[in-house]
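>>> I'll drop the sequence and a predicted model, then ask my questions.
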Amino acid sequence: MAAMIGHQDATSAFLEAWQGGRLHHAWLLAGPQGMGKGAFAARVARFLVTHGRAGGGQAVALDDVGDGAAARLVDAGNHPEILSLTRQPKDKSKDLARNITIDQVRQMIRRLHLSLSLGDWRVIIVDAVDDLENDGANALLKTLEEPPAQTLFLLVSHSPGRLLPTIRSRCRTLRFQPVATDVMTTWLHELRPMLEMPEVRAIAAASGGVPGKAIALIDSDVAVMEKKLRAIAAGGDPGNRLREALAREVSGVANRTRLELVIDIVPGLLAELARERPVAEIGPILAQWDRVQRTVRDAVRGSYDGAMVGFEIGNCLAELAPRTR
């Protein structure tokens with residue numbers, strides 16, 4: 001598993017509270033999606049059920065193994081005192097439901113009335129708490145107001161400002177901030193040493209300091225996507241072959257990261273064209289950049305049709321090809 005990045009402050013805050021015997025019953029893990037908040041919650045859960053109560057002021061790390069038998073249950077996904085609430089697949093399809101339902105919350109609450117069957121702690125992970133139905137959020141709030149003993153709630157939130165203020169007020173907040181570009185670059189280079197440094201730097205810049213997005217960009221093959229965009233800008237793509245391929249590759253929810261990658265690459269590509277071409281040609285380049293921005297803005301307001309956005313971005317670049325101007 002890749003080493004975590006951007007969790008140092010959150011890790012220190014949690015371990016300090018645990019070692020001092022002042023472990024708050026509910027923690028709100030807040031920050032951009034892709035910061036690894038869910039992974040951090042899983043690490044905390046594993047730590048608690050394998051270490052139990054603090055004692056003796058011993059120095060520990062969050063990933064210390066602790067009790068081996070309990071650790072093996074966690075690794076197998078079978079530890080009885082770690083409960084996770086996430087969106088579930090709809091019917092027999094692979095698509096996830098829009099929300100975490102009230103029935104899921106009620107089932108979790110019923111479990112809270114049972115005695116601990118193993119160890120000193122029970123951990124509830126809600127990932128993401130933003131996905132709760134209104135009734136589910138209210139039911140969770142009542143539990144947070146009167147929490148069972150030796151139960152820890154870890155609430156992952158990508159948009160904490162949208163939560164019920166009363167839920168936020170019952171939690172201690174850990175904020176996961178975007179990682180500095182130089183730190184991200186070093187981390188990515190260590191993680192994927194086979195990548196060329198210019199590509200690593202481009203991915204680090206495009207990620208916005210979000211590690212999960214950086215990994216997704218690598219998996220989307222940034223070099224291949226950039227090569228395709230450059231080819232459209234250079235040759236105009238007669239016959240639409242490249243544009244149609246681009247539209248397919250960024251269509252649908254599963255390819256949303258690829259679409260974001262294309263959107264991130266285009267500004268740098270247009271800036272490069274502006275530097276390379278005569279001053280008189282800068283105007284058309286800026287006009288196409290305005291067109292790209294309008295396309296993305298309109299898509300966000302509407303259904304966010306990835307194929308349409310990708311094809312239209314290709315159109316903008318094709319307009320700048322030397323033989324089509």
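All right, it came through fine.

>>> where do the strands sit along the stretch 51-200 of the chain?
All strands of the stretch 51-200 of the chain, identified by DSSP state E, counting those that start in this stretch, fall at 82-85, 122-127, 151-157, 172-175.

>>> Identify the residue nearest the residue nearest to the spatial centre of the chain in space, chain neighbours excluded?
Centroid-nearest residue in the chain: G34, 1.9 Å away (criterion: CA atoms, centre = their mean). Once flanking residues are discounted, G34 sits nearest to G212: 2.9 Å by CB to CB, 6 or more residues apart in numbering. Bear in mind the C-beta positions are built from the backbone N, C-alpha and C, glycine included.

>>> Packing partners of the helix or strand hosting that neighbour?
For G212, the element it lies in under DSSP states H and E is helix 211-219. Helix 211-219 makes packing contacts with helix 181-191, helix 197-206, helix 256-276 when contacts are defined by 3 or more CB pairs under 8 Å, 6 or more residues apart in numbering; DSSP states H and E.

>>> R168 contacts V129, doesn't it?
No: using CB atoms under 8 Å, R168 and V129 do not qualify as a contacting pair, with a distance of 9.9 Å.

>>> Now do the shared contacts for those two.
Taking CB atoms under 8 Å, 6 or more residues apart in numbering as the contact rule, R168 and V129 both touch L28.

>>> who has more neighbours, those two?
A direct count of neighbours by other CB atoms under 10 Å for R168 and V129 places V129 higher, at 29 against 17.

>>> mind checking how far that one is from R248?
According to CB to CB, to the nearest Å, V129 stands 35 Å off from R248.

>>> which stretches of this protein form helices?
Along the chain, counting by DSSP state H, helices occupy 8-19, 37-51, 68-75, 102-112, 134-145, 165-169, 181-191, 197-206, 211-219, 222-235, 241-249, 256-276, 282-301, 306-318.

>>> Now those in JSON lines, please, with extra columns for distance to L83 and mean pLDDT.
Shown next, in JSON lines, are the helices of the chain (distance: least, CB to CB, whole Å; pLDDT from 0 to 100):
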{"stretch": "helix 8-19", "distance to L83": "19", "mean pLDDT": "92"}
{"stretch": "helix 37-51", "distance to L83": "9", "mean pLDDT": "94"}
{"stretch": "helix 68-75", "distance to L83": "13", "mean pLDDT": "92"}
{"stretch": "helix 102-112", "distance to L83": "6", "mean pLDDT": "94"}
{"stretch": "helix 134-145", "distance to L83": "12", "mean pLDDT": "94"}
{"stretch": "helix 165-169", "distance to L83": "18", "mean pLDDT": "94"}
{"stretch": "helix 181-191", "distance to L83": "31", "mean pLDDT": "91"}
{"stretch": "helix 197-206", "distance to L83": "36", "mean pLDDT": "83"}
{"stretch": "helix 211-219", "distance to L83": "24", "mean pLDDT": "83"}
{"stretch": "helix 222-235", "distance to L83": "38", "mean pLDDT": "85"}
{"stretch": "helix 241-249", "distance to L83": "38", "mean pLDDT": "91"}
{"stretch": "helix 256-276", "distance to L83": "29", "mean pLDDT": "81"}
{"stretch": "helix 282-301", "distance to L83": "35", "mean pLDDT": "81"}
{"stretch": "helix 306-318", "distance to L83": "35", "mean pLDDT": "90"}
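
>>> on that earlier part again, which one of the strands of the stretch 51-200 of the chain lies closest to L164?
Among the strands of the stretch 51-200 of the chain, strand 151-157 comes nearest to L164, with 11.2 Å by CB to CB.

>>> strands paired with the closest one, and their directions?
Sheet pairing of strand 151-157 (DSSP bridges) gives strand 26-30 (parallel), strand 122-127 (parallel).

>>> orientation of it relative to helix 102-112 in degrees?
160 degrees (axes from the mean of the first three to the mean of the last three CA atoms, to 10 degrees).

>>> what about strand 151-157, average pLDDT?
Mean per-residue pLDDT for strand 151-157: 96.

>>> Show residues contacting that strand.
Strand 151-157 is contacted by residues 23, 25-30, 37-38, 41, 44-45, 48, 112, 121-130, 143-144, 147, 163, 167, 171 when judged by CB under 8 Å, 6+ apart.
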